[in-house]
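**Q** Got a predicted model here, sequence first, then my questions.
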Amino acid sequence: MIKIPEHIAIIMDGNGRWAKAKGKVRTEGHYQGVKNVRDTAIYANELGVKCLTLYAFSTENWKRPEDEINYIMSLPKVFFASYLKELMEKNIRIRMMGEIERIPENARRIFLDAIEKTKNNTGMTLNFALNYGSRREIVLAARKYAEDVKNGRINDIDENGFAEYLMTDSLPEIELLIRTSGEKRLSNFLLYQLAYSEMVFSEVYWPDFDYKEFDRCIDEFNHRKRRYGGLDES
Ligand code: IPE
Ligand code: IPE
Ligand code: MG
């Protein structure tokens, strides 16, 4: 029997190259990418995935041209206007992680509204990493931890305790990380959380990442032997 990972994280990469290959502008790639977020979320929910974390915008993506950033920040509106109703019907809960303060007011409001509307849903959690950077996340966690030691709220902490200070605090362990577009790096994504996750790299650009390619990634995950530093049981 095939095991469906409880928590899958995806670095959705290759929107720009997808567009370029088709002679289109980069923003068209981001638009198709958003449509694929819908398809992938619906499919993951059907498979029984508990949590799907999607890397949508990194703390380093602010280096991009202003026009492109503005376009990307207009996409939450497009996404939720088109699909929030369907996500509700599928019982999907929206969540996000990242430093929300720097996200433009419009996009932020739309996210907070979707989070509020879906907060009692009990199906899959669809977690968007937006203005997310793992180094920043770890620094913020360490700062908060130091404060809690200082004010006497805690006096000792272990790995599990520290993980609660991260932006993934209440989410299950990430079992599978997928990166699309053939790149093989983490680009500041979930550096702490991926310690023992399986990583699967897909050559496909994000807008073309369909359920067949998703199945292939899950199949590859199922062929891995996870040892966590120990020895094979057989
Ligand atoms: C991923 O696609 C989307 C974001 C980073 C926002 P890219 O925009 O990075 O596409 P490529 O890597 O240039 O093809
Ligand atoms: C990672 O992709 C960030 C997202 C997918 C949101 P990038 O395209 O920004 O990563 P690099 O620059 O190739 O490392
Ligand atoms: Mg990229």
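**A** The structure has been received and is ready for your questions. Numbers count the residues shown, from 1 in each chain. Ligands and ions are numbered 1, 2, ... in the order given.
**Q** List the residues that contact the residue lying closest to Y132 once chain neighbours are set aside.
**A** What sits nearest to Y132 in space, not counting adjacent residues and going by CB to CB, 6 or more residues apart in numbering, is G98, at 3.7 Å. Where you see a C-beta, it was placed from the backbone N, CA and C, and this is true even at glycine. G98 makes contacts with 57, 59, 128-133, 167, as judged by CB atoms under 8 Å, 6 or more residues apart in numbering.
**Q** how about the helix or strand bottoming out on mean pLDDT in the chain as CSV, C-alpha atoms only?
**A** Least confident helix or strand of the chain, by mean pLDDT, DSSP states H and E, is helix 159-163 with a mean of 85. Provided in CSV are the C-alpha atoms of helix 159-163 (Å, rounded to 0.1, in the frame of the first residue of the first chain):
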residue,chain,number,x,y,z
GLU,A,159,14.4,20.2,20.1
ASN,A,160,10.6,19.7,20.4
GLY,A,161,10.3,22.7,22.6
PHE,A,162,12.3,24.9,20.2
ALA,A,163,10.2,23.7,17.2
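**Q** The helix or strand following that helix: which residues count as buried?
**A** Remark: after helix 159-163, the chain's next helix or strand is strand 176-179, criterion DSSP states H and E. For strand 176-179, a neighbour-count test (16 or more other CB atoms under 10 Å) marks 176-179 as buried.
**Q** can you tell if the longest helix anywhere in the chain touches ligand 2?
**A** Counting residues, the longest helix in the chain under DSSP state H turns out to be helix 66-89. No: on the criterion CB under 6 Å from any ligand atom, helix 66-89 is out of touch with ligand 2, staying 8.9 Å away.
**Q** Give me the helices and strands touching the helix or strand following that helix, please.
**A** Later in the chain than helix 66-89, the nearest helix or strand by DSSP H and E is strand 93-97. Here strand 93-97 touches helix 105-117, strand 125-132, going by 3 or more CB pairs under 8 Å, 6 or more residues apart in numbering; DSSP states H and E.
**Q** So which of the buried residues of strand 176-179 would count as near ligand 2 as well?
**A** Among the buried residues of strand 176-179, no residue sits close to ligand 2 (CB under 6 Å from any ligand atom).
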